[in-house]
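> A predicted structure for the sequence below; I have some questions about it.
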Amino acid sequence: MGDNAPKTAYELAMERLRKKDQDEGVTVVPLTEAQRAQIAEIRNFYEAKIAELKVLHESTMRRSVDVAERETLDQQHRRELEHLTSARDAKVEKIRRGEGQS
């Protein structure tokens, strides 16, 4: 694509975002292979935990016929899922900041 060619809306938007980040002092540091491996390991671990949680929740729900109990189980499942997702995201962000895996 030549310098005189018109830019797409996407390219213009990306330029504005890069300019905004630059003005705010946000820098993008590429991840190392070790960081990528740690992040992949964390994501795989939490993906497995979430899948396990889902299977256990579905099993428990099949055994329950009480509407109030099912609602309580659903709320508990959502809290546990939120906790796992939050923990995963926090660990990934820590690695992205270069603080290593805990």
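Sure, I can see it.
> For the residue nearest in space to the middle of the chain, give its distance to residue 21.
Nearest to the geometric centre of the chain sits residue 89, at 5.2 Å (C-alpha atoms, centre = their mean). Distance, residue 89 to residue 21, using C-beta to C-beta, to the nearest Å: 21 Å. The way it works is simple: take the backbone N, C-alpha and C, and place the C-beta from them, glycine included.
> And the helix or strand hosting the residue nearest to the centre of the chain, what's buried?
Assigned by DSSP states H and E, residue 89 belongs to helix 67-96. Buried residues in helix 67-96, counted by 16 or more other C-beta atoms under 10 Å: 73, 77, 84, 88, 91-92, 95.
> Switch those residues over to a markdown table; also include pLDDT and distance to residue 28.
As requested, those are exported to a markdown table (pLDDT from 0 to 100; distance: C-beta to C-beta, whole Å):
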| residue | pLDDT | distance to residue 28 |
| --- | --- | --- |
| 73 | 95 | 43 |
| 77 | 97 | 36 |
| 84 | 97 | 28 |
| 88 | 97 | 22 |
| 91 | 96 | 20 |
| 92 | 94 | 16 |
| 95 | 92 | 15 |
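> Format those residues as JSON lines; extra columns: distance to residue 4.
Output for the buried residues of helix 67-96, formatted as JSON lines (distance: C-beta to C-beta, whole Å):
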{"residue": "73", "distance to residue 4": "63"}
{"residue": "77", "distance to residue 4": "57"}
{"residue": "84", "distance to residue 4": "51"}
{"residue": "88", "distance to residue 4": "46"}
{"residue": "91", "distance to residue 4": "47"}
{"residue": "92", "distance to residue 4": "42"}
{"residue": "95", "distance to residue 4": "42"}
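> Closest one to residue 64 out of those residues, please.
residue 73 (6.4 Å; C-beta to C-beta).
> thought the closest one was touching residue 64?
Yes - counting by C-beta atoms under 8 Å, residue 64 is a contact partner of residue 73 at 6.4 Å.
> Overlap in contacts, the two.
Counting by C-beta atoms under 8 Å, 6 or more residues apart in numbering, residue 73 and residue 64 have no common neighbour.
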